[in-house]
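what shape does this take:
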Amino acid sequence: MQIKSLAGALALGLLLGGSTAQATGVLERVAAGGKLVLAHRESSIPFSYLDQDNKPVGYALDLCLKLADAVRKKTGAKAMQVEFLQVTSANRLAMVEQGKADLECGSTTNNAERRQKVAFTIPHFITGARMLVRADSKIERFEDLNGKKLVSTKGSTPLNAAVQANRERLLNINILEVADHTKAVEMVEKGEADAFVMDDVLLYGLAANRAKPEALKVVGKFLTTEPLAIMLSKDDPEFKKLVDSEMRRLIMSHEIQPIYDKWFLKGIPPKGKSLNLPASYLLKDFWKYPTDFVPF
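The predicted model follows:
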């Protein structure tokens, strides 16, 4: 009954001359035979990245596939196809805002600035920005970067926080921007940058999968607090309601726990190494009363 009404609404809207964008949301489009588009990243380990076979994998992606199952159930579209779209730190918001991706399954921070353009569901991880440096580096604090080179990924919240801290503390840090995380790690390894500032969980994941992980270390206090969440359109309330409901169910039923353990406590592609990062007390406390509201 629901499929007919959703598909019928789409057909009626088109017959009356309305545009597809005006007539449909994600659920209506899927019910009418459309695909669900999941955006993923290239190197946001372990949240969303390409494995050795160039297949998108990760913790956030597994959660998005659970959300896709909820969409199939809600719409009755059992044959719904999932399409993967690779995005970057710089264009991920635009892809969601423009409707080219339905869910962004990565390591994106939910903050007030971004909520002006997009929406977020309940956070799947809470982290903070720290620094990746060479193992022989004497850098321990952000202030130790005075007059040195710091790299970060374009369009990221750690980059913005570093720029602000550099300005406020008059540290004269030369801040460099790159398109992806892998390039930033390479710059640190080669001595082209003294440190890479990013969410610490990503830094641990990136370092663990380098040829010589022992040549790198994560240092410093948290420069930011980062509630990471799956991103979606702010103009599709019915879709967001379903996504929030399913995320809340995954958390409250503890179905999310084995998914978390798979990516943070067990060996992951491409090298089968474990990050050995149990859920933090901050994340556990947040999940006691899961909500999409964050005070940032």
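
can you give me the strands for the stretch 1-150 of the chain?
36-40, 43-44, 48-50, 56-57, 82-86, 103-104, 119-120, 125-127, 129-134, 149-153 (DSSP state E, counting those that start in this stretch).

I'd like those as TSV, with mean neighbour count appended.
(C-beta placed from N, C-alpha, C; glycine too.) Formatted as TSV, the strands of the stretch 1-150 of the chain follow (neighbours: other Cβ atoms under 10 Å):
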stretch	mean neighbour count
strand 36-40	24
strand 43-44	24
strand 48-50	25
strand 56-57	20
strand 82-86	14
strand 103-104	28
strand 119-120	24
strand 125-127	25
strand 129-134	25
strand 149-153	23
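
export those as TSV, with columns for distance to G205 and mean pLDDT.
Below are these laid out as TSV (distance: least, Cβ to Cβ, whole Å; pLDDT from 0 to 100):
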stretch	distance to G205	mean pLDDT
strand 36-40	15	98
strand 43-44	8	93
strand 48-50	8	96
strand 56-57	12	98
strand 82-86	18	98
strand 103-104	18	98
strand 119-120	21	98
strand 125-127	11	93
strand 129-134	11	96
strand 149-153	14	98
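
quick one: which of these is nearest I230?
strand 103-104 (5.5 Å; Cβ to Cβ).

tell me how far that closest one lies from the chain's centre.
Relative to its parent chain, strand 103-104 has a centroid offset of 8 Å by Cα atoms, centre = their mean, to the nearest Å.

also stretch 285-296?
With Cα atoms, centre = their mean as the basis, the mean position of stretch 285-296 lies at 17 Å from the chain mean.

and the contacts of that stretch?
109-112, 119-123, 126, 225, 227, 229, 244, 247-248, 251-252, 256 (Cβ atoms under 8 Å, 6 or more residues apart in numbering).

buried residues of that stretch, list them for me.
286-287, 290, 292, 294 (16 or more other Cβ atoms under 10 Å).

what does stretch 158-170 give?
158-162, 165-166.

likewise stretch 128-147?
Those would be 128-134, 137, 139, 142, 144-145, for stretch 128-147 by 16+ other Cβ under 10 Å.
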